[in-house]
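Fold the following for me, if possible:
(one chain, ligands or ions: 2)
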Amino acid sequence: MKGKIEGFVREIALPDELATKRLGAQIAAGLTTGETVALSGDLGAGKTTLARAILGALGVREMVPSPTFTLVQHYDTPGLPIYHFDLYRLEAESDIEQLGLGHALASGAALVEWPERAGSRLPSDALYVEMDIVGENSRRALLRGPTHWASVFPEAQ
Ligand SMILES: Nc1ncnc2c1ncn2[C@@H]1O[C@H](COP(=O)(O)OP(=O)(O)O)[C@@H](O)[C@H]1O
Ligand SMILES: [Mg+2]
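Ligands and ions are numbered 1, 2, ... in the order given. Below you'll find the model as predicted:
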């Protein structure tokens, strides 16, 4: 977390996968070219599940594999190209550029699992989503990002 105090901050309870799907649709609705969604949390927290929900809401109908080994997967959606990164196996922070983050953000948006691995190389205007495991089917998401995200998430949910 960048230690930012101002901006958009919201905690969202995700009591089941449907709630995670709904969160994905909301994030998809607010996503525009040049934006990064940083998905952090332990293994099994739901980062890939949320990425799938975002992609599904953007119209991706194909299988969305976890990019654990490929490190990045590309999807053409009707609105904008999406690059889904999983940086768990990133060896050096600077490798993120070889993976094409700059190129991705020039034309589309990036969903980034394990953003910590890129250190400070992620854009500072990313939407950070930190997921916590609450119970077997229950998760909690803490969102932080630029203020424009507030319009996507009405106060009472
Ligand atoms: N509310 C929930 N939101 C997201 N995933 C959930 C939820 N409840 C259960 N799960 C399960 O937790 C697992 C999350 O795995 P995954 O998305 O691959 O996590 P990560 O990418 O963070 O390692 C999946 O098996 C998913 O079905
Ligand atoms: Mg994952």
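
doesn't residue 20 fall inside a helix?
Yes. Under DSSP: H, G, I helix; E, B strand; the rest coil, residue 20 falls within a helix.

hey, where'd the helices end up in the chain?
Ranges of helices in the chain, per DSSP state H, are 17-30, 47-57, 95-98, 101-107.

Can you pull the residues of this protein lying near ligand 1?
14, 16-17, 19-20, 41, 43-49, 66, 113, 137-139 (C-beta under 6 Å from any ligand atom). Yep, even glycine has a C-beta here, placed from its N, CA and C like the rest.

Residue 117 touches residue 94, doesn't it?
No. Residue 117 is beyond contact range of residue 94, at 11.3 Å (criterion: C-beta atoms under 8 Å).

Between these two, which is the more surrounded one?
Ranked by neighbour count (other C-beta atoms under 10 Å), residue 117 and residue 94 place residue 117 first, with 20 against 11.

Need the nearest residue in space to that one, chain neighbours excluded.
residue 87 (3.8 Å; C-beta to C-beta, 6 or more residues apart in numbering).
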